[in-house]
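K.L.:
need a 3D model of the sequence below.
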Amino acid sequence: MTSNLPPANISFGSRIRKSPYYDSTRKYGAKSFTIYNYMYMPTSYTSSEEEYVSLTNDVTMWDVAGERQIEINGPDAYNFVRTLTPRNLEKCEIGHCLYILLTGEDGCIINDAVLLRVKPDQFWISPGDSEVLLWIQGVAVNSGMEVNVFEPDVSPLQIGGPKAPQLIEKLFDEDHRDVGFYRAIETSLLGIPLVLARTGWSGEISYELYLRNHKLGDQLWEIVREAGQEYNISPIAPNTIRSIEGGLLSFRSDVLKEDNPYTIGLGRLVDTNQSIDFIGKSALKKIKEEGTKRMLVGVILDGDPIKNPPEQFWPVIDHDLKIGHVSRCIYSPRLKKNIGFANVPTEFSKIDTNLSVISPEGKRSATVCKWPWFPAERINKKTK
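P.N.:
The predicted structure is shown next:
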């Protein structure tokens, strides 16, 4: 089993891009990395458990420049963006951020992303790990619309945790204390051009500083780190424990290319009644009418605490026949339970259904349950 193999290192080279914050992450203790959108992204500074404590008690900063932005601008930008997603964008105003799905002709998911409307004719798409830029550029070629699709000089730095609002107020002299959930504004910090957004992949109160000049990455890092000292700030990596607790899905793990929005419980992001002819509209209408054959469900797994998420999917079996898989799972310190996600046939998706899972340690029992376990924080809470 792969879990019994000795640790492996990742090689660094010019083929993979280093983020504007790379030197700072190394300086302040990043000890392991992954490759995300062809960019090195930290996966650990201390341990997942220690970083979870920082995230849920204080404030943290993350290098998430691997969310390599895609800009769409031009006279037809708005109409073009609407063809890419089944979510209705009629009420997407300037400064709005929306979680969206990008779907193919078959109704299956190309990517999940956060959409930011920066100006009337300027949008950013913050994607998961995949070739979304090339896909959107391909869609644009024969669209007949006047748009530009490219990667701008934009690199997000995430700030998350219960003390994040206080840090933001300190950094911006309280000018942006009222930035609403999933809203964004153009601003600057000590001359550094930014877009500040109340977005993030943590489950806690989060903000993202979209740096608009990659040469200033280390400077921005130091400003944020210094201002955050009184709030016990720590650099961390995207945290598996908190993301699973909060029901934050991971593209390529929890969301696969053969999944459609209804499979992963996000049918609310599909509006097949809107007049726009978005990609996958006919297929999604049919899936909605007939029902999806598979579902992503929350599960509670028995056995010893799971310290590391699966390196590969764990089979879900029924009478020794594989019927699905567990994508991610981990031990939740707050729940004192092993929790995770499983992709199973719809007939096995009912709450309290018992499942059998094959883990590296042997067979585990699992029970289908409601998720998320701790919904994402939306309201700024005052923390002393």
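
K.L.:
please enumerate the helices of the stretch 151-300 of the chain.
P.N.:
Along the stretch 151-300 of the chain, counting by DSSP state H, counting those that start in this stretch, helices occupy 164-171, 217-227, 240-245, 281-290.

K.L.:
average pLDDT across the last one?
P.N.:
Spelled out, that is helix 281-290. Per-residue confidence for helix 281-290 averages out to 98 on the pLDDT scale.

K.L.:
quick revisit: from the helices of the stretch 151-300 of the chain, which stretch is densest packed?
P.N.:
Most buried of the helices of the stretch 151-300 of the chain, by mean neighbour count (mean count of other Cβ atoms under 10 Å): helix 240-245, with a mean of 24. Quick note: C-beta positions are derived from backbone N, CA and C, even for glycine.

K.L.:
quick one: mean pLDDT for it?
P.N.:
Confidence over helix 240-245, taken as the mean pLDDT, stands at 97.

K.L.:
packing partners of that helix?
P.N.:
Helices and strands touching helix 240-245, as assessed by 3 or more Cβ pairs under 8 Å, 6 or more residues apart in numbering; DSSP states H and E, comprise helix 48-57, strand 321-332, strand 337-345.

K.L.:
with just CA atoms, put that helix into PDB.
P.N.:
Backbone C-alpha positions of helix 240-245 (Å, rounded to 0.1, in the frame of the first residue of the first chain) are rendered in PDB as follows:
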ATOM      1  CA  THR A 240      -8.200  19.500   4.900                       C
ATOM      2  CA  ILE A 241      -9.900  19.200   8.300                       C
ATOM      3  CA  ARG A 242     -11.700  22.500   8.100                       C
ATOM      4  CA  SER A 243     -12.600  22.200   4.400                       C
ATOM      5  CA  ILE A 244     -14.300  18.900   4.900                       C
ATOM      6  CA  GLU A 245     -16.100  20.100   8.100                       C
END
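
K.L.:
what's in contact with it?
P.N.:
The contact list for helix 240-245 (Cβ atoms under 8 Å, 6 or more residues apart in numbering) reads 48-49, 52, 55-56, 201-204, 250, 309, 328-335, 339-341, 372-374.

K.L.:
narrow the residues you listed to just the buried residues.
P.N.:
Burial by neighbour count, judged by 16 or more other Cβ atoms under 10 Å, picks out 48, 52, 55-56, 201-204, 250, 309, 328-332, 339-341, 373-374 from the contacts of helix 240-245.

K.L.:
mind listing what the closest residue in space to T46 that isn't next to it in sequence touches?
P.N.:
With Cβ to Cβ, 6 or more residues apart in numbering as the criterion, T46 has its nearest non-adjacent residue at 7.4 Å, and that residue is G29. Counting by Cβ under 8 Å, 6+ apart, G29 makes contact with 45-46, 235.

K.L.:
tell me which of those is nearest to I72?
P.N.:
Nearest to I72 among these is P235, at 31.4 Å by Cβ to Cβ.

K.L.:
ok, that closest one to V255 distance?
P.N.:
For P235, the distance to V255 under the criterion Cβ to Cβ, to the nearest Å works out to 27 Å.

K.L.:
between the helices of the stretch 151-300 of the chain, which gets nearest to L296?
P.N.:
The closest of those to L296 is helix 240-245. By Cβ to Cβ, the value is 12.2 Å.

K.L.:
give me the distance from that closest one to the chain's centre.
P.N.:
Using Cα atoms, centre = their mean, to the nearest Å, the distance from the centre of helix 240-245 to the centre of the chain it belongs to is 11 Å.

K.L.:
repeat for stretch 371-380
P.N.:
Its chain's C-alpha centre lies 14 Å from the corresponding centre of stretch 371-380 when counted by Cα atoms, centre = their mean.

K.L.:
now swap in stretch 14-26 and tell me
P.N.:
Here stretch 14-26 shows a centroid-to-chain-centroid distance of 20 Å under the convention Cα atoms, centre = their mean.

K.L.:
walk me through the domains of the chain.
P.N.:
Structural domains annotated on the chain: 9-63+157-243, 70-150, 250-369, as defined by automatic domain parsing.

K.L.:
figure out which of those domains is closest to R378.
P.N.:
Here domain 9-63+157-243 is closest among the domains of the chain (Cβ to Cβ), at 4.6 Å.

K.L.:
so how far is the first residue of the closest one from its last?
P.N.:
With Cα to Cα, to the nearest Å applied, domain 9-63+157-243 spans 25 Å between its terminal residues.

K.L.:
between the two ends of stretch 61-68, how far is it?
P.N.:
According to Cα to Cα, stretch 61-68 extends 17 Å from its N-terminal end residue to its C-terminal end residue.
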